[in-house]
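Have a look at this prediction, sequence included:
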Amino acid sequence: MLYRLVYSSAATPELAGGELEKLLARARVQNEARGITGVLVAVDDLFLQILEGEKQVVRGLVKSIERDPRHCRLKVFHEEEIGERAFGSWSMALVKPDRKSTRLNSSHMSESRMPSSA
């Protein structure tokens with residue numbers, strides 16, 4: 001059964017500068033191998049992430065993130081079994097609000113628009 005989990009966390013100083021891009025590059029490769037899809041919204045040092053995949057795999061990944069010294073204050077907001085993925089073609093999309101406008105900037109998306117909700 002497919003599963004979706006939504007959590008937030010904060011970056012520690014270890015996740016400064018270009019470290020987020022390096023982390024995302026590794027996560028995309030690992031997520032694809034594990035069958036995990038999702039999106040990461042990053043605002044300054046705060047993150048909101050939606051993960052989708054097999055329940056045990058998603059929960060295992062969140063436990064790993066919780067132990068990662070680059071994250072703190074991890075809080076799970078929502079968990080549910082789902083019939084289909086909302087982010088099926090994204091191993092991990094990154095969305096960062098543009099401070100100079102109300103638009104969202106996104107990277108590593110296989111489509112030019114946000115997916116519809118499941």
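Right, received. Where do you want to start? Numbers count the residues shown, from 1 in each chain.

after the lengthiest helix in the chain comes which helix or strand?
Criterion DSSP state H: the longest helix present in the chain is helix 19-34. Scanning forward in sequence from helix 19-34 by DSSP states H and E, the next helix or strand is strand 37-43.

Would you list the strands that that following strand pairs with, along with their directions?
strand 46-54 (antiparallel), strand 93-97 (parallel) (DSSP bridges).

Next, format these as a markdown table and append distance to A86 and mean neighbour count.
All C-beta spots, glycine's among them, are computed from the backbone N, C-alpha and C. Formatted as a markdown table, the strands paired with strand 37-43 follow (distance: least, C-beta to C-beta, whole Å; neighbours: other C-beta atoms under 10 Å):
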| stretch | distance to A86 | mean neighbour count |
| --- | --- | --- |
| strand 46-54 | 7 | 19 |
| strand 93-97 | 11 | 18 |
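
okay, those strands in CSV with distance to K75 and mean pLDDT next?
Converted to CSV, the strands paired with strand 37-43 look like this (distance: least, C-beta to C-beta, whole Å; pLDDT from 0 to 100):
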stretch, distance to K75, mean pLDDT
strand 46-54, 10, 94
strand 93-97, 19, 80
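
could I get the ones you listed as a markdown table with distance to E21?
As requested, the strands paired with strand 37-43 are arranged in a markdown table below (distance: least, C-beta to C-beta, whole Å):
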| stretch | distance to E21 |
| --- | --- |
| strand 46-54 | 14 |
| strand 93-97 | 9 |
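
Out of the ones you listed, which gets nearest to I82?
Across those, I82 has its closest neighbour in strand 46-54 (6.9 Å, C-beta to C-beta).

now the angle between helix 19-34 and the closest one, please.
10 degrees (axes from the mean of the first three to the mean of the last three C-alpha atoms, to 10 degrees).

Roughly how far does the nearest residue to L40 once chain neighbours are set aside sit from H78?
Distances taken as C-beta to C-beta, 6 or more residues apart in numbering put Q49 closest to L40, at 4.7 Å, once the chain neighbours are dropped. Counting by C-beta to C-beta, to the nearest Å, the gap from Q49 to H78 is 11 Å.
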